[in-house]
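Asker: A predicted structure for the sequence below; I have some questions about it.
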Amino acid sequence: MHNYTIAELVKGLQSKQFSSVELTQHFLSRISQFNDQYNAVITVTADQALQAAQLADQRLAMGSAPALCGVPLLHKDIFCTKGVRTSCGSKMLDNFIPPYNATVVENFEQAGVVMLGKTNMDEFAMGSSNETSFYGPVKNPWATDCVPGGSSGGSAAAVAGRLAPGATATDTGGSIRQPAALCGISGLKPTYGRVSRWGMIAFASSLDQAGPMARTAEDCALLLNCMASFDDKDSTCVDRDVPDYSASLNKTVKGLRIGVPKEYFSEGLHPGTEAAVKKALADLEAQGAELVEISLPNSDLSVPAYYVIAPAEASANLSRFDGVKYGYRCENPKDLQDMYCRTRSEGFGEEVQRRILIGTYCLSAGYYDAYYGKAQQVRKLIEQDFVNAFKDVDLIVGPTCPSPAFKFGSKGDDPVAMYLEDIYTIATNLAGLPGMSVPCGMVEGKPVGLQIIGNYFDEARMLNLAHQFQQVTDWHTQAPEGIS
Ligand code: GLN
């Protein structure tokens, strides 16, 4: 059952080939058997899942259940889940039990989706390797000595390791697409404002966006149908109809104009990754798409601009964790100052503290214009590059990340090397555009991701191209060794 796609599970549930309880038991037993190898799941909600599955089976029996009713999923531990610990990968929130559900979680719950548990992640979603989690690193199912990517590495490894058929994730600078690429699955970051951020623990609010991870583009469409909604509890959520993302998957890609940015094939791109991406582009051309070379001239400024804007917003967002209201509090503080200071030094890991320091510095009165103001101007230029490009093309395609999964510790003492992991993904967050990653090859036994970037709210077209690509390739069907 764990090799079925979500689309196949939906059919199986609706035709009573198996029940949601059976399916849920199957995935729960896979988690208890294999999670030790991956450390992808940090909270398992077995009793709650079985109860939800029973309810789902009742709804299915009545015949009018929503599409995803009875399908089990995992949620990234950044989404608040009522009554279930939501740690955000941090010691700071190790004891935090939210009294409400995030809108994303609520949408799935209403649809009868069964939550199996919560996935491991980089602390406060800061990282590209899952090495910053308080709960220890997640291992890549394709090579357990290598990172799964981050920050949604737990979700990606769980889907690749068949511990769940799909999972939720979030992407501030690449955290859905990069781990999807490194773990050989499909993942989509929607347009900023497409999915509600309410109840999703904030990292950098102007960049954060939630999206689905699954093995196929078809499954991502099914999940996005449920995740995307207007929500007046998030003032940046856009009030716009949610199309049926599954409806246009089978359209032909003939005549589609695909922009290939020359800046995405520069120095630093692994030759094996480059070859896999070029082969994928040739496959798309063979399907009738037209490849057009384009330029995104300010691409090299995206990482520097992001590493001012994201830490600036993080430093403000994370100021709420002060030991007073909820979360970790240090022991025996001598006074209020000591309590703040030790709570934050003990509760946050090194990378989070680094970002708070950088962000606070960039926002300080003397440096605001030089750093934060400048970065915002650069952000505008990057956005304009895309606006110009989309005058001539329908979609943009290139690599998701510069190289396949790397070994644990190999970028540990060099934060800048780690930051460059997101060199091809960050620009879309700065511009607010949607992007996705689909598997397109293997290098040294490890998966390579193809990135598809769309115009604003053009998720349906991205999913259409990704699905058509998956009709003529089989990278998305491959499983890591040992999974049968
Ligand atoms: N890797 C990037 C960072 O460390 C992006 C993380 C994310 O998208 N949440 O900030």
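Answerer: Thanks, I have it. Residues are numbered from 1 along each chain as shown.
Asker: CA only for contacts and neighbour counts going forward, please
Answerer: OK.
Asker: Is A169 located within a strand, as I assumed?
Answerer: Yes - going by DSSP: H, G, I helix; E, B strand; the rest coil, the assignment for A169 places it inside a strand.
Asker: can you tell me which residues contact it?
Answerer: H75, K76, S152, S155, S175, I176, A210, G211, P212, M213 (Cα atoms under 8 Å, 6 or more residues apart in numbering).
Asker: switch to 10 Å and redo it
Answerer: 74-79, 119, 121, 125, 151-156, 175-177, 179-180, 187-189, 209-213 (Cα atoms under 10 Å, 6 or more residues apart in numbering).
Asker: So what pairs up with it in the strands?
Answerer: Counting by DSSP bridges, A169 forms beta bridges with G211.
Asker: how near is it to the ligand?
Answerer: In this structure, A169 and the ligand are 9 Å apart, going by Cα to the nearest ligand atom, to the nearest Å.
Asker: if we can go back for a sec, what about the contacts of A169, which are in helices?
Answerer: The helices in this structure, assigned by DSSP state H, contain G153, G154, S155, A156, R177, P179, A180 from those.
Asker: Check what pLDDT the last one gets.
Answerer: According to the model's per-residue confidence, A180 sits at a pLDDT of 98.
Asker: Stretch 198-210 close to the ligand?
Answerer: No - under the criterion of Cα under 6 Å from any ligand atom, stretch 198-210 makes no contact with the ligand; the nearest approach is 7.2 Å.
Asker: Please point out which parts of the worst-scoring helix or strand of the chain on mean pLDDT sit buried.
Answerer: The helix or strand of the chain with the lowest confidence, counting by mean pLDDT, DSSP states H and E, is helix 415-419 at a mean of 84. By 16 or more other Cα atoms under 10 Å, the buried positions in helix 415-419 come out as M418, Y419.
Asker: For N120, which non-adjacent residue is closest in space?
Answerer: G154 (4.5 Å; Cα to Cα, 6 or more residues apart in numbering).
Asker: Can you verify my assumption that that neighbour contacts V138?
Answerer: Yes - with contact defined as Cα atoms under 10 Å, G154 and V138 form a contacting pair (6.0 Å).
Asker: Now S403: closest residue in space, sequence neighbours ignored.
Answerer: H270 (5.1 Å).
Asker: Against F348, how distant is G166?
Answerer: Using Cα to Cα, to the nearest Å, G166 is found at 29 Å from F348.
Asker: wait, doesn't I358 sit right on A316?
Answerer: No - distance between I358 and A316: 11.5 Å, which falls outside the contact criterion (Cα under 10 Å).
Asker: hmm, back to that, who has more neighbours out of G166 and F348?
Answerer: Using other Cα atoms under 10 Å as the criterion, G166 and F348 rank with G166 on top: 30 against 23.
Asker: what's near enough to touch G347?
Answerer: For G347, the residues meeting the contact criterion (Cα under 10 Å, 6+ apart) are 90-94, 134, 321-323, 327-330, 341, 353.
Asker: Same check on A282?
Answerer: A282 neighbours (Cα under 10 Å, 6+ apart): A276, G288, A289, E290, L291.
Asker: Secondary structure of the second one: a strand, I assume?
Answerer: Meaning G288. No - the assignment for G288 by three-state DSSP gives coil, which leaves it out of any strand.
Asker: Just the helices from the stretch 201-350 of the chain, written as ranges.
Answerer: Taking DSSP state H, counting those that start in this stretch to define them, one finds helices in the stretch 201-350 of the chain at 217-227, 271-286, 302-317, 336-347, 350-363.
Asker: quick one: which of those helices is nearest the ligand?
Answerer: In terms of Cα to the nearest ligand atom, the element of these nearest to the ligand is helix 302-317, at 7.0 Å.
Asker: what's the angle from the closest one to helix 350-363?
Answerer: Our comparison of helix 302-317 with helix 350-363, counting by axes from the mean of the first three to the mean of the last three Cα atoms, to 10 degrees, yields an angle of 90 degrees.
Asker: mind listing what's buried in helix 302-317?
Answerer: Judged by neighbour count (16+ other Cα under 10 Å), helix 302-317 contains these buried residues: 302-317.
Asker: Extract the C-alpha trace of it and format it as CSV.
Answerer: Provided in CSV are the C-alpha atoms of helix 302-317 (Å, rounded to 0.1, in the frame of the first residue of the first chain):
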residue,chain,number,x,y,z
SER,A,302,19.3,37.0,-4.4
VAL,A,303,21.3,35.1,-1.7
PRO,A,304,22.8,38.4,-0.3
ALA,A,305,19.4,40.2,-0.3
TYR,A,306,17.7,37.2,1.3
TYR,A,307,20.3,36.9,4.0
VAL,A,308,19.5,40.5,5.1
ILE,A,309,15.7,40.3,4.7
ALA,A,310,15.0,36.9,6.2
PRO,A,311,17.2,37.4,9.3
ALA,A,312,15.7,40.9,9.8
GLU,A,313,12.1,39.5,9.8
ALA,A,314,13.2,36.5,11.9
SER,A,315,14.7,38.7,14.5
ALA,A,316,11.4,40.5,14.9
ASN,A,317,9.3,37.3,14.7
